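*Asks:* Next comes the sequence, and after it the predicted model I'd like to discuss.
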Amino acid sequence: MLPFVKNKEILKQLLRFIVVGFFNTGIDFGVLNFLMFITQHHSGWQYSLFKSISFTCAVINSYIWNKKWTFGKKDGVKAKEFGQFLLVSITAFTVNVGTATYLTNYIGPQWGINAVLWANISAVTAVILTTLINFLGYKYWVFKK
């Protein structure tokens, strides 16, 4: 067992959160790459818009699966809970899109990497940074029992 995990329930939730996260990441990257492919825009304000759209799609999926499956909340949508979810998600959104945009538009492709691959590396970096924010916020604030 991981040393920071005090009980099996937290480990189970963390593993489920990671599984949901992989699906969310797939949605995020799928929508992002689809939009880049159909428009041939890989940077600039268009990239920021596409990243915003793709992240929003992933967040909607995240709410549904994390509420029901990861944290086992069976009740319907509650205004307070949904508001808290949105606040955590907006924080993560700011970090996610801000990081990806900064790396893509201000740092730019490094080490001979092409623009499309660099845009995806930027998005992966953003996902890594927001994973911890989301898990802690959802577990201990939004979906706490």
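*Replies:* Happy to help now that I have it.
*Asks:* Spatially central residue for this protein, please.
*Replies:* Centroid check for the chain by Cα atoms, centre = their mean gives Val127 as the closest residue, at 5.4 Å.
*Asks:* Which strands and helices lie in contact with the helix ranked longest in the chain?
*Replies:* Using DSSP state H to define each element, the chain has its longest helix at helix 8-39. Applying 3 or more Cβ pairs under 8 Å, 6 or more residues apart in numbering; DSSP states H and E, one finds that helix 8-39 contacts helix 44-65, helix 115-137. Just so you know, the C-beta spots here come from the backbone N, C-alpha and C atoms, and that holds for glycine as well.
*Asks:* Quick check: closest non-adjacent residue to the residue nearest to the centre of the chain.
*Replies:* Thr25 (5.6 Å; Cβ to Cβ, 6 or more residues apart in numbering).
*Asks:* Please report how far the residue of the chain most remote from its centre lies from Asp28.
*Replies:* In the chain, Gly112 marks the outermost C-alpha relative to the chain mean, sitting 27.2 Å out by Cα atoms, centre = their mean. Gly112 sits 26 Å away from Asp28, taking Cβ to Cβ, to the nearest Å as the criterion.
*Asks:* and if you look at Ser122?
*Replies:* For Ser122 relative to Asp28 (Cβ to Cβ), the value is 12 Å.
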